[in-house]
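Student: Dropping a prediction and its sequence here:
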Amino acid sequence: MKCLFLFESIHQVMRAEKLLKEKGMEVDLLPVPREISSDCGVAIEMVLGLKEEAMRLFEENKISIVECYTRDQKGRLGRGVW
């Protein structure tokens, strides 16, 4: 399973990506899926097992998360894993 983080702006996405990579976490940037939003945007996807650590880092570094979703092995999205 994976988790998908949405942020307020591309600036926040880039800050979050840099922070996570500096901590050795593997992340992927991808377009926000259409089933979540029709707006253009970029999200961060990572292994669900690292969600808690990532959220702690975001809080410590004042990076605001708009929403967090899960994605199963078939690519289906689940809502709100806070």
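Tutor: In hand now; what should we look at? Residues are numbered from 1 along each chain as shown.

Student: ranges for the helices of this structure?
Tutor: Along the chain, counting by DSSP state H, helices occupy 10-22, 51-60.

Student: Give me the neighbour count for Ile36.
Tutor: 17 (other C-beta atoms under 10 Å). For glycine as for every other residue, the C-beta is placed from the backbone atoms N, C-alpha and C.

Student: swap in the one 5 residues further on?
Tutor: The local packing count at Gly41 equals 18, with neighbours defined by other C-beta under 10 Å.

Student: which residues touch it?
Tutor: Leu6, Ile10, Pro31, Val32 (C-beta atoms under 8 Å, 6 or more residues apart in numbering).

Student: if I look at it, how far off is Ser64?
Tutor: Distance, Gly41 to Ser64, using C-beta to C-beta, to the nearest Å: 14 Å.

Student: For Ser64, which residues are in contact?
Tutor: With C-beta under 8 Å, 6+ apart, Ser64 has these contacts: Phe7, Glu8, Gln12, Phe58.

Student: Would you reformat the residues you listed as JSON lines and include neighbour count and pLDDT?
Tutor: Formatted as JSON lines, the contacts of Ser64 follow (neighbours: other C-beta atoms under 10 Å; pLDDT from 0 to 100):
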{"residue": "Phe7", "neighbour count": "23", "pLDDT": "94"}
{"residue": "Glu8", "neighbour count": "12", "pLDDT": "90"}
{"residue": "Gln12", "neighbour count": "20", "pLDDT": "95"}
{"residue": "Phe58", "neighbour count": "20", "pLDDT": "97"}
